[in-house]
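> Predicted coordinates and the sequence they were generated for:
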Amino acid sequence: MDRNIDQIEFSLFDTETTGLEPESGDRIVEIAGIRFKGKEKIATFESLVNPHRRICEAAERINKITPVMLRGAPTIEAVLPKFLAFMQNSCLCSYNATFDVGFLNNELKIIGQNSLENTMIVDILRMAKRILPNLERYALWFVAEKLGIKTAQQHRALSDVELTLEVFYKLSEILKEKGVSDFRNFFSLFGLASNLLDDLNHQKLAKIQEALDLGVKLKIKYLSRYNAEISEREVVPKEIRQDKGRYYLAGYCCLRNQERSFRIDGILHLEIL
């Protein structure tokens, strides 16, 4: 975990589907990915998938994947083991990961395999929202355009992966300019719920509780969710709060001279003074 982001192997993937609701029977019709470390592309994966069901008209209009194209495509039973081997021992990521991982877990369930609950997963949409907090919208093409990327979104799995990778690199550069380059903080900020993320947050909570028990101040480095600025603050901790599944450090901020709350996942570093 104590490594630079550029030292981590990521598998960035995307899916095209018959519709939007796996719980209603929608299935994956295409899956693609790029495995990379830093600026090095290690491997590429791409496959159509025969879902054995109709594609809804709205999905077909967007991704242009027709029943004829899928007629001779392999089934998910053949494709998914190859994709799992492709992404093995890497950090999985996608744009709007909750959607893609939801479909992936649904397909795993269908073929009788375990879900990805113990896999490290990063959401690049969450990256965009935390690093560029004041955009009017967060569609992939719009974020790419705001970052100066000229590539158009094609709504096909591999081309969308390639576009998302460009967005990932741009957002990562902004992070590095802010002084955030270690994977531990990166995953704490943008990872999906997992045992690993819980462990990272519990380590922070344990140090806050220690400061509360000792009655001493904390020095924190914090990424604001309002303007994406990073600041260092001294805080007199008052309590740990929980609201809607998130933990907060509540206390007196010496920088602002007022009571403030700080989301635990936005705390990049803390030490007891």
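Sure thing, it's come through.
> Count residues in the vicinity of residue 124, would you?
Here the number of neighbours of residue 124 (other Cβ atoms under 10 Å) works out to 23. The way it works is simple: take the backbone N, C-alpha and C, and place the C-beta from them, glycine included.
> and the closest residue to it other than its chain neighbours, what does it touch?
Closest residue to residue 124 apart from its sequence neighbours, by Cβ to Cβ, 6 or more residues apart in numbering: residue 95 at 4.6 Å. With contacts defined as Cβ atoms under 8 Å, 6 or more residues apart in numbering, the neighbours of residue 95 are 14, 123, 124, 125, 140, 160, 164, 167.
> go on, residue 220?
Contacts for residue 220 (Cβ under 8 Å, 6+ apart) come out as 232, 233, 234, 235, 249, 262, 267, 268, 269, 270.
> Go again with 7 Å.
Contact analysis of residue 220 by Cβ atoms under 7 Å, 6 or more residues apart in numbering lists 233, 235, 262, 267, 269, 270.
> Indicate each strand paired with the helix or strand hosting the second one and its parallel or antiparallel sense.
To tie it back to what came earlier, the one meant is residue 235. According to DSSP states H and E, residue 235 maps onto strand 230-243. Strand pairing for strand 230-243, determined by DSSP bridges: strand 218-223 (antiparallel), strand 246-253 (antiparallel).
> Out of those strands, which gets nearest to residue 105?
Among those, strand 246-253 comes nearest to residue 105, with 22.9 Å by Cβ to Cβ.
> mean confidence for the closest one?
Strand 246-253 shows an average pLDDT of 94 in the prediction.
> and the helix or strand that it is followed by, what does it pack onto?
The first helix or strand that comes after strand 246-253 along the chain, using DSSP H and E, is strand 258-263. Using 3 or more Cβ pairs under 7 Å, 6 or more residues apart in numbering; DSSP states H and E, the elements in contact with strand 258-263 are strand 246-253.
> Please compute how far the strand it packs on lies from its chain's middle.
Its chain's C-alpha centre and that of strand 246-253 lie 24 Å apart, by Cα atoms, centre = their mean, to the nearest Å.
> Could you do stretch 100-110 as well?
16 Å.
> What of stretch 131-146?
15 Å.
> What's the mean pLDDT across it?
On average, stretch 131-146 scores 96.
> Stretch 24-43 now?
What stretch 24-43 shows for mean pLDDT is 97.
> Show residues contacting it.
By Cβ under 7 Å, 6+ apart, the residues outside stretch 24-43 that reach it are 6, 8-20, 44-49, 51, 53, 55, 65, 70, 76, 79, 83, 86-87, 90, 103, 107, 156-158, 161, 165.
> Buried ones from those residues, can you make that a ChimeraX selection?
Here is the ChimeraX command that selects the buried residues among those (16 or more other Cβ atoms under 10 Å):
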select :8,9,10,11,12,13,14,15,16,17,18,19,45,47,48,49,51,55,65,70,76,79,83,86,87,90,103,107,156,157,158,161,165
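> Just the contacts of stretch 24-43: which are in helices?
The helices, defined by DSSP state H, take in 70, 76, 79, 83, 86, 87, 103, 107, 157, 158, 161, 165 from the contacts of stretch 24-43.
> quick one: which of these is nearest residue 198?
Using Cβ to Cβ, these come closest to residue 198 at residue 87, 21.9 Å.
> Distance check, the closest one against residue 24.
The gap separating residue 87 from residue 24 is 26 Å, by Cβ to Cβ, to the nearest Å.
> Check residue 131 too.
33 Å.
> Let me see the ranges of the helices in the stretch 51-200 of the chain.
57-63, 67-70, 76-87, 97-110, 124-131, 140-146, 157-177, 183-190, 195-214 (DSSP state H, counting those that start in this stretch).
> Below-threshold pLDDT in this protein: ranges please.
Counting by pLDDT under 70, the chain contains low-confidence residues at 1.
> Check it and tell me which residue is nearest its centre.
When Cα atoms, centre = their mean is applied to the chain, the residue found nearest the centroid is residue 123 (1.3 Å).
> Surely that one touches residue 187?
No: taking contacts as Cβ atoms under 7 Å, residue 123 lies outside contact range of residue 187: 10.8 Å.
> According to the record, where do the domains of this protein fall?
Split into domains by automatic domain parsing, the chain comes to 5-190, 200-272.
> what about the shortest one, start to end distance?
Put plainly, it is domain 200-272. Start-to-end span of domain 200-272 (Cα to Cα, to the nearest Å) is 17 Å.
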